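> fold the following and give me the result.
(5 chains)
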Amino acid sequence: MDIASLIGLLLGIGAVVGGAALEGLHLGSITQPTAAIIVLGGTIGATMLSFPMRAVIAAAKGAVKIIIEPKLKTSAVVAEILRFANKARREGLISLESDLPTASDDFLKKALSLAVDGTDTKLLRDTMEIEIAHFEHEGAQEGKVFEAAGGFSPTIGIIGAVLGLIHVMENLSDPSKLGSGIAVAFVATVYGVSMANLFFLPMASKLKHHHQTAVSLKEMMLEGVIGILEGVNPRIIEEKLNGYVSHADRKAEHPAGGKVQAEAAQSTG
Amino acid sequence: MDIASLIGLLLGIGAVVGGAALEGLHLGSITQPTAAIIVLGGTIGATMLSFPMRAVIAAAKGAVKIIIEPKLKTSAVVAEILRFANKARREGLISLESDLPTASDDFLKKALSLAVDGTDTKLLRDTMEIEIAHFEHEGAQEGKVFEAAGGFSPTIGIIGAVLGLIHVMENLSDPSKLGSGIAVAFVATVYGVSMANLFFLPMASKLKHHHQTAVSLKEMMLEGVIGILEGVNPRIIEEKLNGYVSHADRKAEHPAGGKVQAEAAQSTG
Amino acid sequence: MDIASLIGLLLGIGAVVGGAALEGLHLGSITQPTAAIIVLGGTIGATMLSFPMRAVIAAAKGAVKIIIEPKLKTSAVVAEILRFANKARREGLISLESDLPTASDDFLKKALSLAVDGTDTKLLRDTMEIEIAHFEHEGAQEGKVFEAAGGFSPTIGIIGAVLGLIHVMENLSDPSKLGSGIAVAFVATVYGVSMANLFFLPMASKLKHHHQTAVSLKEMMLEGVIGILEGVNPRIIEEKLNGYVSHADRKAEHPAGGKVQAEAAQSTG
Amino acid sequence: MDIASLIGLLLGIGAVVGGAALEGLHLGSITQPTAAIIVLGGTIGATMLSFPMRAVIAAAKGAVKIIIEPKLKTSAVVAEILRFANKARREGLISLESDLPTASDDFLKKALSLAVDGTDTKLLRDTMEIEIAHFEHEGAQEGKVFEAAGGFSPTIGIIGAVLGLIHVMENLSDPSKLGSGIAVAFVATVYGVSMANLFFLPMASKLKHHHQTAVSLKEMMLEGVIGILEGVNPRIIEEKLNGYVSHADRKAEHPAGGKVQAEAAQSTG
Amino acid sequence: MDIASLIGLLLGIGAVVGGAALEGLHLGSITQPTAAIIVLGGTIGATMLSFPMRAVIAAAKGAVKIIIEPKLKTSAVVAEILRFANKARREGLISLESDLPTASDDFLKKALSLAVDGTDTKLLRDTMEIEIAHFEHEGAQEGKVFEAAGGFSPTIGIIGAVLGLIHVMENLSDPSKLGSGIAVAFVATVYGVSMANLFFLPMASKLKHHHQTAVSLKEMMLEGVIGILEGVNPRIIEEKLNGYVSHADRKAEHPAGGKVQAEAAQSTG
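As a prediction, the model looks like this:
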């Protein structure tokens, strides 16, 4: 679970609502169902019109994923590929056929399967890069759905506010209602701007980061399989794949990495 | 028909108008023909001055297309190309000449026809990529027309509002008219911002997605024809083209895909 | 003449001014010479400081070009290149030397002349692509001048408005002048935003489209001449160049295209 | 000297200040030292924090350069390179060694010196392109410093205005001071928006243009030297380099160009 | 220590606060803890939700780095690489093995180690470029965290202001509190806009510059090692690497550069 995302969400909403309460604002005065209807309904409508239905649903699922956060273990995948590389070097590329079902990832399995079938390097790279490009494009839409929602909600909040002000202006003859009328109108702005800045836009950014990590992992798998196919020395493959592991991880997992190396050597020894 | 687009459009407008009505606003007070003339006329004028006439007409037609939504059946095209690939492998590339008239798409037909004529790979790729680039550029304009309209309408709404405020300011001596005057002025803003956010900008985004799918389909056809021309194994071609099929489709159409495969094998067997 | 640009310009201004008049605004109250001086003078000054003098003059000329609209006849150029290609195929590349003075375009003439001189493909492509790149860069500045003006004018309109409001604020003691004072101040905003949205920005966009068409035509000429130089079959050259012709044109000019083809064949037969 | 820049600067400021004076505004009321301190100090502080000290100083010097405007004589450099090309063709590349000290530009000298030393084409191109990339990056920062200042100054003007309004609001009890208080507050906005739109942003744009011209000149020198190194016919080199000369210049300098050609031929004849 | 950053920060804040004080504003009236809670809490929350926890922490550390400023001595690294190049030329590439532990940088050490191991040029370049790309991507996030904070803080300031205004509007019946209430509301805007423009955005820009310098240094090391691996003449390597040294540095360090050169020659002589 991604604690940081949860803290960020609660801290943002808490600071705004709590700060307002500290100033003496009654929370009841910023609870306006009609403002919520205008801003949420308008934003969802505009977003649904903007994207294919499938992308909207994928984005909603992606938002849930953020909380659960699928840990992508880059270094574990490096170890797995090195194990394959060592075996291929010792027993030949064809010997990997029996290992295909154990591959931890569908993309890796497809790439290895093409390599075992004797596909040449260029064709394998082209085929898998089309796959990566499509995966990258599809996944990027999840972030863009939230980005679009974050673009629509403040302006729809302004529509709500202006509609409220029109309502106020029509009843100027009763000045006692002026203040509370304007207050009601402003709530739509608060909803629109808050949703965008405390939820939609940060969510878009977080989804983008998750997706980039997943794309980068696929690129690493492809580099690894091509290294195996070309018979590159496993030690050089390791150096190359390590370039994808973040520096923070490298230090943290150094002992593990060492163990994995040893283990890989052993299992292929 | 694209139900989601329709729902998005109705939900957006419904939430804004309905929310305003729930707040007690008389809908009559947001029905201002002169504001509509200023915002719509100004936006259409600015958009017509911005683009070639042809692009404006294409965009209007494109907006209609969204409702009718031409379903692009990527997987059906994959099956068609595989049928051609299997036949070419068995009976020679030249045997496809008789199948040319049955090709489901003009672009595919042109590419196959060049291949059958013995055009070399590089020339065929260059020729068809020019076609794709031009198609991409022309189609992208449809979305850009709506994007431009969505950029103009809020600022023209502001022009309408400021003109209304000038009118109000000139008649300050009669305070009883102040409120309703300002209300009238604000309606132009509501029109401009609503049109942009509930229609123009989402439409621009939806058109862009439709167009990207169409471009991607053409790229897939080109890859397929080049695979046929180079005599690549149909199974590898299938792996490559599957990279263009979205993951959601792949699962949904897996049985169909299997059938198509079988069918393709049969029709060429 | 580009009727659409004229209609767009008149419709935009007409809708805004007409709508304001329908609301009962005296047009005299939005005619403020000092506001015009501030907005126009400030915008022209900022634009002149932003660009080389030459670019500003080219942009002004470009704006005039929009009304006259030089029709770029892509399909006529395709026919001309095919005529050269057919002759070169029959009588040899060198035979085109006598046709050089008849080439309809300086760029085409220079490319053909290099080809006839025996320049090799790569050098010819490099040389002409430098020419295209420079032409593209220079022409793009015309649009950017209007884009910059469209960026400056609304903010300078706001400067004018704030200066007007400062003037009003200093004379608050005489409330009878308050309204008309604010009205005067707002006029600068209307000028700045209207100029940007009804003229400068649409003009920038239209200039960009014209320029892109001109660049694309040059790229087509280069592809054609390289095809001739490499002795590609004129029918393939035609297929390739047709990729540059917009689909709308292709249909509209199909009979003409046919005629041109025939004509080309004839003149070289 | 770049008269156009000077006119642009004076016209912009003159129109805004003069227009305000024509409206009857006392210029004294827009002369507020504290507003100037806030806007200028804040903008300079934010800009210094944004960039390396060296870039800020380079930008300040660049602004002075605009007034002095170093005329880059593209056509003179073309003539110089053609002179070298003709001599190298007649007397051998090595003969240029004695001409190295006469090269009019350090970049040209370094490229020629590498060529004379027998560096191969690819290495020479790589080496000089690194130089160009670094020069491009460093010079681009000058424009970005002004762009950043133009982004900061309006928002810091708004900070100044809001601080002024807070001051006004605290003294609401004395309504006679209300108007002048607000007027003072607004002056910071005028300063911030004016500096950005009449000076910083146009300056950023002009610096960018100057720098692009200088980069393009270096690219032309590199193409020329590579042409000499590869023994390309000087006439073709001339055609290639002419692609870098703007069309306006080409016409204007045609006679000169002819003379230069003749001169080059002579000096090498 | 980076004095310029410190001066920029202090100058910006000093000018704004000092200017406000000069206008007669009591600093107490812009000290509002609740406004600070809303703006800071909301901004930090939104930023934490936007980025992986690791990136937020790295950005905070990066901000500290700005003050300490690790001086990247490009010219010292050039001298180091030339020393290796000279030794490799005289005693063979393998002789560098003993110098590996003395390499001043991990990236340089890894590249040299691959070179000494006999990795071929393409594989070495690919491997190290993956490393650079990853380093570039990770480091770029530091700047983006501040950029995001600078985007969130002004809008959250506006949320704070609107909440304050709602509070004011609810208490319109007591006009004596109106002014001070609005003043309190505006403080949140001042906080949000000031933090963004005087700290977050300049910091994002400064971090980006630092990171670009570090990336450029790594690219220079890679070019140097590849030059050594390919046996390029050290003098040419020097010319190439000098392209990465800024012109200002080149002049300043010319004598040092000469000494270094001499030193390098000596240590390898």
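> assign the residue nearest to residue A:176 when sequence neighbours are not counted to helix, strand or coil.
Among residues not flanking residue A:176 along the chain, residue E:173 sits closest, at 7.8 Å (Cβ to Cβ, 6 or more residues apart in numbering or on different chains). Using the backbone N, CA and C atoms, a C-beta is placed for each residue, glycine as well. Counting by DSSP: H, G, I helix; E, B strand; the rest coil, the backbone at residue E:173 sits in coil.
> number of residues surrounding residue E:173?
A count of neighbours around residue E:173, defined by other Cβ atoms under 10 Å in any protein chain shown, yields 9.
> kindly report the same for residue A:134.
Using other Cβ under 10 Å, residue A:134 has 18 other residues around it.
> and it, its phi and psi?
Per-residue torsions, residue A:134: phi -70, psi -40 (degrees, to the nearest 10).
> what sits closest to the residue of the stretch 151-269 of chain A found nearest chain B if chain neighbours are left out?
Nearest residue of the stretch 151-269 of chain A to chain B: residue A:172, at 3.3 Å (Cβ to the nearest Cβ). Counting by Cβ to Cβ, 6+ apart, residue B:179 is the residue found nearest to residue A:172 once chain neighbours are left out, at 3.3 Å.
> please name the residues that touch the most centrally placed residue in chain A.
Taking Cα atoms, centre = their mean as the criterion, residue A:207 is the residue nearest the geometric centre of chain A, at 2.3 Å. Residues in contact with residue A:207 (Cβ atoms under 8 Å, 6 or more residues apart in numbering or on different chains) are A:59, A:62, A:63, A:66, A:142, A:143, A:146.
> what's the nearest residue to it if we skip its chain neighbours?
Nearest non-adjacent residue to residue A:207, counting by Cβ to Cβ, 6+ apart: residue A:143, 4.2 Å away.
> next: residue A:74.
Nearest to residue A:74 is residue A:245, by Cβ to Cβ, 6+ apart, at 5.2 Å.
> could you do residue A:11 as well?
Leaving aside its sequence neighbours, residue A:11 sits nearest to residue E:45 (Cβ to Cβ, 6+ apart; 3.5 Å).
> again with residue A:237
residue A:227 is the one closest to residue A:237 (Cβ to Cβ, 6+ apart), at 4.1 Å.
> got the buried residues for the helix or strand harbouring that neighbour?
Using DSSP states H and E, residue A:227 maps to helix A:201-229. Buried residues in helix A:201-229, counted by 16 or more other Cβ atoms under 10 Å in any protein chain shown: A:201-211, A:215-229.
> then stretch A:93-110?
In stretch A:93-110, counting by 16+ other Cβ under 10 Å, buried: A:93, A:96, A:99, A:103, A:107, A:108, A:109, A:110.
> pLDDT value on the third one, please?
At residue A:99 the predicted local confidence, pLDDT, stands at 91.
> how about the first one?
At residue A:93, the predicted lDDT confidence score is 92.
> same thing with the second one?
Per-residue confidence at residue A:96 stands at 93 (pLDDT).
> what about residue A:74, how many neighbours?
Neighbours around residue A:74, by other Cβ under 10 Å: 20.
> where in the stretch 51-200 of chain A is pLDDT low?
Along the stretch 51-200 of chain A, the parts satisfying pLDDT under 70 run over A:69-72, A:175.
> any idea how far whichever residue of it sits closest to chain D is from residue E:31?
Residue of the stretch 51-200 of chain A nearest chain D, by Cβ to the nearest Cβ: residue A:179 (16.0 Å). Distance of residue A:179 to residue E:31, computed by Cβ to Cβ, to the nearest Å: 27 Å.
> with neighbour numbers in mind, choose between these two.
Per other Cβ under 10 Å, whichever of residue A:179 and residue E:31 has more neighbours is residue A:179, with 18 against 10.
> what residues are up against the more buried one?
For residue A:179, the contacting residues are E:168, E:169, E:170, E:171, E:172, E:173, by Cβ under 8 Å, 6+ apart.
> same check on residue A:53?
B:3, B:4.
> now residue A:124
Neighbour list for residue A:124: A:111, A:114, A:115, A:225, A:226, A:229 [criterion: Cβ under 8 Å, 6+ apart].
> is it true that the fourth one touches residue A:110?
No: the criterion here is Cβ atoms under 8 Å, and residue A:225 misses it with residue A:110 at 9.4 Å.
> what touches both of the two?
Residues touching both residue A:225 and residue A:110 (Cβ under 8 Å, 6+ apart) are residue A:128.
> now the helices for the stretch 51-200 of chain A?
A:53-68, A:74-91, A:106-116, A:121-170, A:178-194 (DSSP state H, counting those that start in this stretch).
> what's the separation between residue A:179 and residue E:18?
With distances taken as Cβ to Cβ, residue A:179 is found 36 Å from residue E:18.
> ok so, going back, from residue B:152, how far out is the residue nearest to residue A:237?
53 Å.
> same question, residue A:115
With Cβ to Cβ as the criterion, residue A:115 and residue B:152 are 54 Å apart.
> ok, these two, which is more surrounded?
Taking other Cβ under 10 Å, residue A:115 and residue B:152 do not tie; residue B:152 has more neighbours (29 against 23).
> thought that one was touching residue C:197?
Yes: the pair residue B:152 and residue C:197 passes the contact test of Cβ under 8 Å, sitting 5.4 Å apart.
> so what sits against both of the two?
With Cβ under 8 Å, 6+ apart, residue B:152 and residue C:197 have common neighbours B:42, B:46.
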